[in-house]
Each structure stands twice: as C-alpha cells, then as structure tokens.
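Asks: Give me coordinates for this.
(one chain, ligands or ions: 1)
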Amino acid sequence: MHAAVIKDKSISYLSTEDPVITSENEILVAVRAAALNAADLLQVSGNYPPPPGIREDIPGLEYAGIVLEVGKAVTKFKPGDRVMGLVPGEAQAEKLKTAGEATFLIPDGLSFEEATGFSESFFTAYDALIIRANLKEYRNVLVTGAAGGIGMAAVWLSVLKKCKVTASVRHRDLIEPLARHFLRPGDTLLSDATGSSCTIEFPNGATLTVCLPQDEPLYGDYDVILDLISGERIPTNLSMLTQNGTIAVIGLLGGATSEIDLRLLLAKRATIFGSTLRSRSAKEKAELRLRIEQEVLPHLANGDVQVAIHASFPLVEVDKAYKKFKEGKKIGKIILTMT
Ligand SMILES: NC(=O)c1ccc[n+]([C@@H]2O[C@H](COP(=O)([O-])OP(=O)(O)OC[C@H]3O[C@@H](n4cnc5c(N)ncnc54)[C@H](OP(=O)(O)O)[C@@H]3O)[C@@H](O)[C@H]2O)c1
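Replies: Have a look, this model is predicted:
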C-alpha cells in the first residue's frame, strides 16, 4: 500500500507493507480519507511518539473508509460497511487495522471527507466539555482557538446544550467566515458594524458570539472555558470565570507554562483540569464512543452538527497538506483522500 511515511523528520508519499489482522477483534479498513491533526506534525518532528505497538512512521489519528476484512470475534462490522473512527496512529495510509473500539458506522449521506474529520475533534471536545467539565444546559461557555477542529466541535456541543457560547479567534478576518459555518436555514446572524464580532441566535435558545480574544471579557463571566491556547492566558481565564467555574486545558498552542494567583482560584472555588485523549485505554475510548454514538451522531446524521473541511489533498500530495496545515488561518479540517 501507499502511506504518508515519516522519514528523516519529514513526510512523504511512499510504498510500505500492508497491515495484517492479527487479533480476532480487529477490522481491516480500506481508508478513503484521513484528517490531519496538530499531533501529526509533532510526530513528524519526533516530539510525539505514538503509544507502544503503533508504527511510529505513519501518522494519522482519524479515518473514514470501507471495511475489507473482520476478525472472527467482530460482530458489529462486516466487509463493505462504511466506517469512521479514532486510532492512536497509522491512519494516513491506504489500509488500516484497528480493534474498532472507537469506530462508528458512517451516517448515510455523509461523505468520507466529512466523516474523517469528526472523530478526533468530537471525542476530545465531548470528553472535555460534557464528561470532565460536566457542562449543563444554558451555561456560559468560552472556546478559544475556535476555528480549528476541536474548537468547532466544542462550539457545536455547547450549542446542542443550549448554551451561551463565545468562540474566540485571533484573526479578525476569520470572525464572520467562522460564524457562517454554524448558520443553518432559519438562524439569525447579527454582525457588529466594526467587524469585531458576529452573533448567531439559534432556534433552541443557544447563542454563539465569535470575537477576538481581547473581547472575551465582554461576554463573561464563564461557567466553562475550553482552552486550546493556554500558556500565559490562564490568569485571564481565571479572571473571566464565574464562581465554581471550570477551565479545561486541552491545548498548549500559546505555551506550556503560566503563573496564576492562587488566591483567585480559591476565592472563585474554581477547577482547572487538563486532559489528553490519545493515551486513553481502549475501554475508556469504547465508553466515549458509545455516548457519542447515542448523543451526537444523530445530530451529525441530520445536519444539526457539521464537520468543516478547509482543504482536501490526495494522499500523493501529503507534503502539501502538511504545509497547508502549518500555514494556519484555516477553518476546520485538512483532509487527505485515497482513491
Ligand atoms: N488534549 C487532548 O486530548 C487533545 C486532543 C486533540 C488536540 N489537542 C490539542 O488541541 C489544540 C487544538 O487542536 P485542533 O485540532 O483544534 O487544532 P487546529 O485545527 O490546528 O486549530 C487550532 C486553532 O488555534 C489557533 N491558534 C494557534 N495558535 C494560537 C495562539 N497562539 N493564539 C490564538 N490562537 C491560536 C489556530 O489559529 P491560526 O490559524 O491563527 O493558527 C487554529 O484556529 C492543539 O494544540 C492540539 O494538539 C489536544
């Protein structure tokens, strides 16, 4: 098969050996699309090795494709099924084997490209917001770094919870295009005349305001802040938090260290937690998959939740796809396609 292969800290389209099913619980998938994530870039640079047992030279955490073969103990899937899911690596290849604990059947009508961009973002955002931060209906939520995969998934989940959502992006010219991704027929879009914010009112009572980071305090105090940037902005998060509020530290795009006034943490009775998804056990991923299947997949199937695709490249152009990812200023996911 062909795959995106890491060699000398760069990524190339190369020929490599096919995966082979070795356990009765595994499925073999003909991958039709695989999405890029920040972790893949770190893996290419040698800074984020996959868990033991996973090839270090093929990145890729999410895929969509067609089942080719199933192990003897597999009852949920059969050859020919359209599937999508999360894996600890190796997804950016023409074939992939997986134990399937984090595998879904693709809802009818969803393309492989849309399907592949779902899993990593929604597993991460669901785990952080709904399970760890225990997000309830009608809460005030802030999502930072909101134009990326995780940020957009977090916005959708908060909208489903009828929350008042603020989503921040650092480029003013992304504000309106990002807001438009969440618009559906019947929704109302209100733009600030200066172009520094856009608000959508949803029929279920949720609202979404897209703004610049410096305007986040205008829409606080926040019950939950899902932070993909972190670093030096953690003290600001704390100052914008409501009493008993929660900060979920999920990405460190702004840095890995911060100094906070712990008196404020105490006074607000605040919670700050961090989380990573990739190293979770198969059991934990299976439990998450079940909840997402029941609570989110129906919304993906009927279009109430969508996956935004910023750009799509054939696998043979994997180097261009990685370059595009590094350029930033994207809205949603960058996808590799396999024919
Ligand atoms: N903890 C976990 O389990 C877990 C799981 C998955 C991902 N993550 C992490 O979560 C983060 C987001 O993932 P993603 O898939 O959503 O990535 P993504 O699609 O690349 O989106 C990241 C967004 O953050 C913005 N951004 C980057 N640096 C920024 C900065 N210093 N200040 C403000 N905005 C900035 C980017 O905007 P620009 O266009 O301006 O660059 C982009 O819109 C990554 O760090 C990733 O490693 C964590």
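
Asks: From now on I want contacts and neighbour counts done on CA atoms only, so please keep to that.
Replies: Noted.

Asks: quick one: the residue lying closest to residue 3 once chain neighbours are set aside and the ligand, what's the gap?
Replies: Closest residue to residue 3 apart from its sequence neighbours, by C-alpha to C-alpha, 6 or more residues apart in numbering: residue 93 at 3.9 Å. Going from residue 93 to the ligand by C-alpha to the nearest ligand atom, to the nearest Å gives 19 Å.

Asks: Now do the same contact list for residue 93.
Replies: 1-4, 31, 58, 315 (C-alpha atoms under 8 Å, 6 or more residues apart in numbering).

Asks: can I see the domain layout of this protein?
Replies: Domain segmentation of the chain under automatic domain parsing yields 2-118+280-337, 121-274.

Asks: Redo those as JSON lines? Include mean pLDDT.
Replies: Below are the domains of the chain laid out as JSON lines (pLDDT from 0 to 100):
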{"stretch": "domain 2-118+280-337", "mean pLDDT": "96"}
{"stretch": "domain 121-274", "mean pLDDT": "96"}
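
Asks: Report the buried residues of the helix or strand where residue 273 lies.
Replies: Element membership for residue 273 (DSSP states H and E) is strand 271-274. By 16 or more other C-alpha atoms under 10 Å, the buried positions in strand 271-274 come out as 271-272.

Asks: same question, stretch 42-59
Replies: 43-45, 49-50, 56-59.

Asks: ends of stretch 56-67, how far apart?
Replies: Across stretch 56-67, the terminal residues are separated by 23 Å (C-alpha to C-alpha, to the nearest Å).

Asks: ok, now stretch 66-76?
Replies: Rule used - C-alpha to C-alpha; the end-to-end distance of stretch 66-76 is 14 Å.

Asks: same check, this time on stretch 69-84
Replies: Span of stretch 69-84 from end to end, C-alpha to C-alpha: 15 Å.

Asks: got it, and stretch 170-188?
Replies: 24 Å.

Asks: From the chain's centre, how far out is it? Work that out for me.
Replies: Centroid separation for stretch 170-188 versus its chain: 18 Å, with C-alpha atoms, centre = their mean, to the nearest Å.

Asks: and it, is it in reach of the ligand?
Replies: Yes - applying C-alpha under 6 Å from any ligand atom, one finds stretch 170-188 touching the ligand at residue 170.

Asks: could you dump the contacts of residue 93 to CSV with distance to the ligand?
Replies: CSV is the format used below for those (distance: C-alpha to the nearest ligand atom, whole Å):
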residue, distance to the ligand
1, 27
2, 25
3, 21
4, 19
31, 20
58, 17
315, 19
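
Asks: By neighbour count, which of these wins?
Replies: Within the contacts of residue 93, most neighbours by other C-alpha atoms under 10 Å means residue 31, with 29 neighbours.

Asks: Quick check: that one touching residue 62?
Replies: No - applying C-alpha atoms under 8 Å, one finds residue 31 not in contact with residue 62, separated by 10.0 Å.

Asks: list residues touching both of these two?
Replies: With C-alpha under 8 Å, 6+ apart, residue 31 and residue 62 have common neighbours residue 91.

Asks: Tell me the secondary structure at residue 159.
Replies: Three-state call for residue 159 (DSSP: H, G, I helix; E, B strand; the rest coil): helix.

Asks: any idea how far the closest residue to it other than its chain neighbours is from residue 166?
Replies: Leaving aside its sequence neighbours, residue 159 sits nearest to residue 206 (C-alpha to C-alpha, 6+ apart; 5.5 Å). For residue 206, the distance to residue 166 (C-alpha to C-alpha) stands at 11 Å.

Asks: Equivalent analysis for residue 246, please.
Replies: Residue 246 is 15 Å from residue 166, by C-alpha to C-alpha.

Asks: Comparing these two, which shows the higher neighbour count?
Replies: Per other C-alpha under 10 Å, whichever of residue 246 and residue 166 has more neighbours is residue 166, with 31 against 27.

Asks: residues contacting that one?
Replies: Residue 166 neighbours (C-alpha under 8 Å, 6+ apart): 140-143, 208-211, 216, 219.

Asks: Try it again at 10 Å.
Replies: By C-alpha atoms under 10 Å, 6 or more residues apart in numbering, the residues touching residue 166 are 140-144, 146, 155, 158, 197-199, 207-213, 215-220, 222, 225.

Asks: and what of residue 103?
Replies: Contacts of residue 103 by C-alpha under 10 Å, 6+ apart are 27, 62-64, 76-77, 83-87, 119, 285-286, 289-290, 293.

Asks: that older thread, next SSE after the strand holding residue 273?
Replies: Following strand 271-274 in sequence, per DSSP H and E, is helix 282-295.

Asks: after that following helix, next one along is what?
Replies: helix 297-301.

Asks: what about the closest residue in space to residue 278 that isn't next to it in sequence, distance to residue 63?
Replies: Nearest residue to residue 278, sequence neighbours excluded (C-alpha to C-alpha, 6+ apart): residue 88, at 6.0 Å. Remark: distance between residue 88 and residue 63 (C-alpha to C-alpha) = 11 Å.
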